[in-house]
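S.K.: What would the 3D arrangement of this be:
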Amino acid sequence: MAAAAASVPLRAHAQETRFFRIASGPSESTMFQVASLIGQTVSSPPGARDCARGGTCGVPGMIVVNQTTAGSLANIDLVAAGRIDSALCQADLAYWAYHGTGPFARRGAVKNLRAIANLYPETLHLIVRKAAGVAELRNLRGKAVSLGERESGTAVAARAVLQAAGLGERDVRAQFLTPAEAVEALSEAKIDAFFATAGVPSAFIAELAEAQDIAILPLQSLAARLRATQPFLTEATIPAGSYRGVGDIASLSVGILWITSEAADDGTVHGLTRALWHANNRRILDANAAVGRFLKLETAVDGLGFPLHAGAALAYSENGVLR
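M.R.: Next comes the predicted model:
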């Protein structure tokens with residue numbers, strides 16, 4: 001995108017260049033991939049081919065920049081403090097943040113949080129080394145386990161899974177690693193298992209499965225207990241063949257939202273929302289089969305649990321999603 005801005009032809013200098021940032025997650029995460037895809041879809045730098053001539057149907061003059069972060073909790077803090085224009089985060093954490101419940105009971109409600117879209121589901125993976133002898137959740141006791149980065153939604157979900165299985169954080173040798181660090185540590189037998197929240201199939205988990213024998217523990221036995229405290233978790237299946245040597249695995253998933261602040265400019269958010277779901281941009285989303293195919297206008301306002309941004313709400317009213 002920076003290169004595109006640097007190569008603006010002279011005739012386009014009169015058009016204002018605007019930047020809009022999305023906080024996503026670690027560079028190997030699905031959230032980072034999706035934020036990059038959103039940027040590709042809704043950006044239209046000065047001098048770019050316009051929509052009518054086969055270019056992206058983005059916001060004229062807009063360049064959307066993807067910023068890597070630790071994950072959902074860090075992203076909510078960035079939006080709440082006005083240090084980022086927008087972010088991706090898990091639906092349950094966004095709900096708790098707005099209402100001041102769950103992990104935000106002591107931190108306080110984030111009442112300036114607003115939604116732009118419910119984008120896609122991510123599935124909770126609990127990956128173990130086959131050689132570690134972890135056949136079920138209770139076998140994690142005493143094992144070295146990465147719960148995800150400290151400021152991530154994965155870490156929140158991992159603690160909930162351990163608690164539902166009758167284990168505390170102190171019952172395992174907890175580590176807090178990025179997905180890339182966790183893959184490396186598991187490959188070198190420095191940890192026995194790690195939690196990851198990712199789209200299916202996840203590229204980094206698939207690469208790990210090709211390099212060594214892994215297993216993914218099913219979580220269906222904990223579904224009822226987990227959903228009592230995390231109502232945004234829904235039952236999901238990791239299909240057989242998603243990863244080498246792994247059959248159907250019953251797990252749980254959570255929606256990933258695009259969020260912003262109530263203070264974000266109405267016109268900007270309106271334009272970005274319209275651009276994301278522009279009919280001509282469907283080809284860009286579908287071309288990215290790994291993640292783009294999950295982004296659908298029909299489910300963009302489902303399961304939010306807190307207000308849409310006024311600009312986004314106007315866009316959804318115009319296209320008939322909100323009535």
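
S.K.: Next, Ala135: secondary structure please.
M.R.: coil (DSSP: H, G, I helix; E, B strand; the rest coil).

S.K.: now Leu186: how far from Ile205?
M.R.: Going from Leu186 to Ile205 by Cβ to Cβ, to the nearest Å gives 10 Å. Heads up, the C-betas are built off the backbone N, CA and C, glycines and all.

S.K.: Need the residues touching each of the two.
M.R.: Common contacts of Leu186 and Ile205 (Cβ atoms under 8 Å, 6 or more residues apart in numbering): 127, 214.

S.K.: Tell me where the chain has strands.
M.R.: Taking DSSP state E to define them, one finds strands in the chain at 18-23, 43-44, 59-60, 62-67, 86-90, 113-129, 144-146, 173-175, 193-198, 214-216, 234-238, 249-261.

S.K.: List the pairing partners of the fourth one within its sheet, with orientation.
M.R.: When pairs are called by DSSP bridges, strand 62-67 turns out to pair with strand 18-23 (parallel).

S.K.: Mind listing residues that contact the partner strand?
M.R.: 35, 38-39, 59, 61-67, 69, 74-75, 78-79, 84-88, 258, 268, 272.

S.K.: Report the buried members of those residues.
M.R.: 35, 38-39, 59, 61-64, 66-67, 69, 74-75, 78-79, 84-88, 258, 268, 272 (16 or more other Cβ atoms under 10 Å).

S.K.: Pick out the shakiest of the strands of the chain, pLDDT-wise.
M.R.: Looking at the strands of the chain, the lowest mean pLDDT belongs to strand 234-238 (a mean of 87).

S.K.: and the closest residue to Leu208 other than its chain neighbours, how many neighbours?
M.R.: Leaving out its chain neighbours, the residue that sits closest to Leu208 by Cβ to Cβ, 6 or more residues apart in numbering is Val183, at 5.0 Å. Close neighbours of Val183, defined as other Cβ atoms under 10 Å, add up to 23.

S.K.: Val183 contacts Glu207, correct?
M.R.: Yes - Val183 is in contact with Glu207 according to Cβ atoms under 8 Å; the separation is 7.5 Å.

S.K.: hmm, back to that, let me see the contact set for the residue nearest to Leu208.
M.R.: 194, 204-205, 207-208.

S.K.: can these go into a markdown table with extra columns for distance to Pro307?
M.R.: Listed next are the contacts of Val183 as a markdown table, based on distance: Cβ to Cβ, whole Å:
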| residue | distance to Pro307 |
| --- | --- |
| Phe194 | 35 |
| Phe204 | 34 |
| Ile205 | 35 |
| Glu207 | 39 |
| Leu208 | 39 |
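
S.K.: Pro307: what's its closest spatial neighbour, skipping adjacent residues?
M.R.: Arg114 (5.7 Å).

S.K.: Gly25 too?
M.R.: Leaving out its chain neighbours, the residue that sits closest to Gly25 by Cβ to Cβ, 6+ apart is Met31, at 3.7 Å.

S.K.: How about Glu181?
M.R.: Ser146 (7.5 Å).

S.K.: Run a quick neighbour tally on that neighbour.
M.R.: 29.

S.K.: thought it was touching Lys190?
M.R.: No - counting by Cβ under 8 Å, Ser146 sits too far from Lys190 to count as a contact (9.7 Å).

S.K.: The nearest residue in space to Ser27 that is not next to it in sequence: what's it in contact with?
M.R.: Leaving aside its sequence neighbours, Ser27 sits nearest to Thr68 (Cβ to Cβ, 6+ apart; 5.2 Å). Shown in contact with Thr68 (Cβ under 8 Å, 6+ apart): 24-27, 32.

S.K.: quick one: low-confidence ranges for the stretch 1-150 of the chain?
M.R.: 1-15 (pLDDT under 70).

S.K.: Apart from its neighbours in sequence, what residue is nearest Asp266?
M.R.: Gly311 (4.2 Å).

S.K.: And that neighbour, how close does it get to Leu272?
M.R.: Applying Cβ to Cβ to Gly311 and Leu272 gives a distance of 8 Å.

S.K.: so what's Arg129 bridging to?
M.R.: Ile214.

S.K.: residues in contact with it?
M.R.: 186, 189, 192-193, 212-214.

S.K.: how about a cut-off of 10 Å?
M.R.: 143, 186-187, 189, 191-194, 208, 212-215 (Cβ atoms under 10 Å, 6 or more residues apart in numbering).

S.K.: Over to Ala185?
M.R.: 144, 146, 175, 177, 191-192, 194.

S.K.: I'd like to know how far the spatially closest residue to Leu126 that is not a sequence neighbour sits from Arg283.
M.R.: In this structure, Leu126 finds its nearest non-sequential neighbour in Leu217, 4.4 Å apart by Cβ to Cβ, 6+ apart. Noted for Leu217: a distance of 38 Å to Arg283, by Cβ to Cβ.

S.K.: between the two, who's got more neighbours?
M.R.: Higher neighbour count among Leu217 and Arg283: Leu217, with 20 against 11, using other Cβ under 10 Å.

S.K.: pretty sure that one is touching His125, no?
M.R.: Yes - applying Cβ atoms under 10 Å, one finds Leu217 in contact with His125, separated by 8.9 Å.

S.K.: Good, we can wrap up now.
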